[in-house]
Each structure stands twice: as C-alpha cells, then as structure tokens.
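In: fold the following, please.
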Amino acid sequence: MRDALPDDARVVKDLGDGLMLWFPEAVSALGSCLALSERFEEEAATDVPLWVRVGMHWGCPARRGADLVGHDVNLAARIVDVAGPGEVLLSEPVRELVDGRVQGLRLDELGPVVMKGIPDAVPLYRAALD
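Out: Alright, predicted model coming up:
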C-alpha cells in the first residue's frame, strides 16, 4: 500500500482497521485515494472482499509529535464513517481544490450530512473516475 503513495505523503498512524494518511496537496491525495480504492476493488474481485471506505477533508490539523489532531482530523474520521464500501467521499474544501483539476473525475453531491460530534451538517461529495 505504501508504494502507492507519493513520496511527499505519509502514513500518520495505523488505526487497526484503517489508516490515517496525510498529503501536502489535495489533487495528489484524491488521485492516490482513487487509485488505492481501485486496487482494493481489483483484489476483492479475485479473492476475499475488501470493504475499503475513504473519507477526505482538507484543513489545518494540529500537530502533536508525529500525530495530527483536532477538528479537521475528527471531521475526516466522521466522513469515513459515512462512506459505504468502495466509496471515496469528500468534504467541500476538498471539492473546491480538486474540481476541474482531475481528468475524468465525477463528483456526485450527497448534500449536507449530519455527523456525530460535528455541530453543523457537512456538504459531502462522492468521487469516482468515469
């Protein structure tokens, strides 16, 4: 999996059944997440199903040593919770940064979604390549 990440991306931490990844740039992050999702889907077609869900948010997390914490990290985690198997969901800040910059990208608006611990409904988008 790590070989699919750009050199400037990093695995922040292993969450047991998931990973927190950090990218310096939204287009690169989305491209990597879509590619990883596709690779997992290909593997699932030939073996055991892999229920991979991706949630993306762009913000300014606080650093605590090598870890990232704060509202933006919590929001990204909540977006992952909303995603279904094989879905890549984006927040509005990610959509603004990637829209029109990824060839073949389709963004389906899901509308504002209420999430646990987040005071306001968050507009979400499902990303896929045509």
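In: ok, residue 78 to residue 48 distance?
Out: As judged by Cβ to Cβ, to the nearest Å, residue 78 and residue 48 stand 27 Å apart. Any C-beta I mention is one placed from the backbone N, CA and C, and that applies to glycine too.
In: out of the two, which sits in the busier spot?
Out: A direct count of neighbours by other Cβ atoms under 10 Å for residue 78 and residue 48 places residue 78 higher, at 20 against 7.
In: in its sheet, what does the strand or helix carrying residue 107 sit against?
Out: Of the helices and strands defined by DSSP states H and E, residue 107 is found in strand 105-113. Here strand 105-113 is paired, per DSSP bridges, with strand 122-129 (antiparallel).
In: so what does the lowest-mean-pLDDT helix or strand in the chain touch, helix or strand wise?
Out: Within the chain, no helix or strand scores below helix 26-46, which has a mean of 85 by mean pLDDT, DSSP states H and E. Taking 3 or more Cβ pairs under 8 Å, 6 or more residues apart in numbering; DSSP states H and E as contact, the helices and strands that helix 26-46 lies on are strand 19-22, strand 54-56, strand 88-91, helix 92-98, strand 122-129.
In: so what touches it?
Out: Contact partners of helix 26-46, identified using Cβ atoms under 8 Å, 6 or more residues apart in numbering, comprise 1, 4-6, 8-9, 21, 23, 50, 52, 54, 56, 58, 86, 88, 90, 94, 97-98, 101-102, 105, 127-129.
In: could I get the buried residue list for it?
Out: In terms of neighbour count (16 or more other Cβ atoms under 10 Å), helix 26-46 has its buried residues at 26, 29, 30, 31, 32, 33, 34, 36, 37, 38, 40.
In: which residues are contacting the strand holding residue 107?
Out: With contacts defined as Cβ under 8 Å, 6+ apart, strand 105-113 is touched by 30, 82, 89-90, 95, 98-99, 121-130.
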